[in-house]
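1. Provided below are the primary sequence and the corresponding predicted coordinates.
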Amino acid sequence: MQGRQYTQKPLFVDGDLEKFVPKNHLLRKVNKLINLGFIYDLTQPYYAGKGRPSLDPVVFFKMQLISYLFGISSDRRLCDEIQCNIAYRWYLGYPLDQSTPTHSTLTRVRDRLGLKVYKEVFDKIVKDCQDAGLIEGHQIITDHT
């Protein structure tokens with residue numbers, strides 16, 4: 001008998017994305033081996049003590065790392081990919097029912113932190129990835145726009 005897929009929206013969605021990300025996924029290795037906690041101290045001077053909360057700076061740099069590791073060349077495409085990729089959402093800590101950052105948010109964060117901080121953080125992340133054996137090669141080319 002021929003089957004047909006009928007979709008009915010569930011009343012509740014199990015928010016555990018962990019079970020959908022393969023055990024050998026690159027982002028699992030990155031999450032296990034690369035500690036990004038240093039970013040909070042490094043970026044703290046660029047944020048006010050009150051007002052509307054910003055995009056978490058660790059999330060911002062995790063997004064940049066996704067862009068680098070998976071060859072995503074534009075902020076718009078990165079944001080689109082993060083919106084629909086469960087592994088990316090899991091790595092960033094975004095459940096299915098939460099909206100993800102927009103490309104304009106990334107531009108504002110990049111402008112706020114400036115090239116010096118961005119380069120310093122990104123270079124440390126890439127070095128940590130190299131030290132952990134996640135990246136091979138000696139020359140790293142990236143677009144710092």
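-> Ah, there it is.

2. where do the helices sit along the protein?
-> When assigned using DSSP state H, the helices of the chain occupy the ranges 26-33, 38-43, 57-69, 75-84, 86-92, 103-131.

3. Out of these, flag the one nearest Gly51.
-> helix 103-131 (12.8 Å; CB to CB). Where C-beta positions appear, they are placed from N, C-alpha and C, glycine not excepted.

4. Any buried residues in that closest one, and which?
-> In terms of neighbour count (16 or more other CB atoms under 10 Å), helix 103-131 has its buried residues at 105-106, 109-110, 112-113, 117-118, 121-122, 124-126, 128-129.

5. Next up, the contacts around the closest residue to Arg112 other than its chain neighbours.
-> Nearest in space to Arg112, with sequence neighbours left out and distances taken as CB to CB, 6 or more residues apart in numbering, is Tyr46 at 5.4 Å. The contact partners of Tyr46, by CB atoms under 8 Å, 6 or more residues apart in numbering, come to Arg112, Leu113, Val117.

6. Surely the second one touches Thr43?
-> If I follow you right, that is Leu113. Yes - counting by CB atoms under 8 Å, Leu113 touches Thr43, with 6.2 Å between them.

7. got any residues that touch both of the two?
-> Pro57.

8. what's the neighbour count on the closest residue to Arg89 other than its chain neighbours?
-> With sequence-adjacent residues excluded and distances taken as CB to CB, 6+ apart, Arg89 is closest to Leu17, at 5.8 Å. By other CB atoms under 10 Å, 17 other residues sit near Leu17.

9. Quick check, pLDDT for Leu17.
-> In this model, Leu17 is scored at 84, pLDDT.
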